[in-house]
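Colleague: would you be able to build a 3D model of this:
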Amino acid sequence: MKEVIRCAVLGLGRLGYWHAENLASKVKGAKLISVIDPLEGRAEQVARELGVEKWSRNPDDAFEDDNIDAVIIVTPTSTHADMIKRAAKNGKQIFIEKPLTQELVEADEAIKVIQEHKITCQVGFMRRFDPAYAEAKKRIEAGDIGQPLYFKGVSRDGNVPHEEFIKHSGGIFLDVAIHDYDIARFLMNQEVTSITTTGNVLLESNNFMKKYNDVDQGLSYINFTSGASGDIETMRIAPYAYDIRGEVIGTEGAIQIGSMRNNDVKILTNKGSYNDLIQDFPTRFQNAYLLEMIHFIESLQKGEKPACTEIDGKAALEIAAAATKSFNTGETVHLGLQKVK
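Modeller: Predicted structure coming up:
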């Protein structure tokens, strides 16, 4: 068992910074050695803020550094396949933010290199580590609701991305709904066999999304290996809160997951009553981002396979690709079956 895992974070946008901050001060057994970002001055700034000894604009400085055991890749999705392959060929263990890659053929290539070089890879589907979703998984496995029959997912966000992000995001089903596709597999412990999707641009101010064949609201209807079904609502225009919820209905009960409330406190005034609602994903999943990184480091220390591997990453990507195809063609898309690993 290796006591200290020496890490580098590649990509220092908002999420990359959080991962770097967690590794620098909150994850036992991790040592943040280096931070990398191509933007002039960004890596130096973060290194100074977090007390990190090395910084660079070139990811090769991390890949070729023998003092680094693992890389946390939080770069644009279009770079993921290349980053994974370069990291694996240099013997670095890998944490990669979702999605695994942008295209399925890239995923196959990346997985081949990961496995050839015997690299541990964890994909950043943080909902699996959120305490509410993790507890639901335990209860389902314990048989509390009997046999799962139906999954329902809701992902509503009112923070509309800017046009440059939409242009390169891969679309709402790859960028947003993929979290629900992964958690559906996780909770139901089954593979998705078919998917049908629809979507629209509901706000006139978001008409720019049409240029990129994207939408601000989407629906996915899915079927699972056992014959179970589900639906997933994905929205970028929720004006009231960051609203992430899930539900699994079984033969003997149901489990409802998540809440819009920032604090479980109801406020009463002479103008009425209200709750303080969650407004963004950092607030909702702050603990989950920390817990997934703790899991990654502990997996490396113990030499164990993490709970969300490159195989899970490809499975979620396959569903997202099928969802996008269904949206483009208006037809149900059937997926090849794989055993849950």
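Colleague: point out where this structure drops to low pLDDT.
Modeller: 1, 241, 259-284, 337-341 (pLDDT under 70).
Colleague: ok, the most centrally placed residue in it - contacts?
Modeller: Centroid-nearest residue in the chain, with CA atoms, centre = their mean: residue 125, separated by 3.3 Å. Going by CB atoms under 8 Å, 6 or more residues apart in numbering, residue 125 touches 98, 179, 182, 183, 186, 292, 308, 312, 313, 316. Every residue, glycine included, has its C-beta placed from N, CA and C.
Colleague: just the closest of the residues you listed to residue 157, please.
Modeller: residue 179 (10.9 Å; CB to CB).
Colleague: which non-adjacent residue is nearest that closest one?
Modeller: residue 127 (5.7 Å; CB to CB, 6 or more residues apart in numbering).
Colleague: show the contacting residues for that neighbour.
Modeller: 133, 179, 182, 183, 244, 285, 288.
Colleague: how about 10 Å then?
Modeller: Residue 127 is in contact with 98, 133-134, 153, 155, 179-180, 182-183, 186-187, 244, 246, 257-258, 284-285, 288, 292, 308, counting by CB atoms under 10 Å, 6 or more residues apart in numbering.
Colleague: repeat for residue 201
Modeller: By CB under 10 Å, 6+ apart, the neighbours of residue 201 are 207, 208, 209, 210, 214, 215, 216, 217, 236, 237.
Colleague: what's downstream of the helix or strand residue 186 falls within, the next helix or strand?
Modeller: Applying DSSP states H and E as the criterion places residue 186 in helix 178-188. Remark: after helix 178-188, the chain's next helix or strand is strand 192-200, criterion DSSP H and E.
Colleague: just the buried positions in that next one, please.
Modeller: Going by neighbour count (16 or more other CB atoms under 10 Å), the buried part of strand 192-200 is 192, 193, 194, 195, 196, 197, 199.
Colleague: rebuild those as JSON lines, extending it with distance to residue 120.
Modeller: Formatted as JSON lines, the buried residues of strand 192-200 follow (distance: CB to CB, whole Å):
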{"residue": "192", "distance to residue 120": "26"}
{"residue": "193", "distance to residue 120": "29"}
{"residue": "194", "distance to residue 120": "32"}
{"residue": "195", "distance to residue 120": "30"}
{"residue": "196", "distance to residue 120": "36"}
{"residue": "197", "distance to residue 120": "33"}
{"residue": "199", "distance to residue 120": "36"}
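Colleague: widest-spaced pair of these?
Modeller: Most distant of the buried residues of strand 192-200, by CB to CB, are 193 and 199, 21.2 Å apart.
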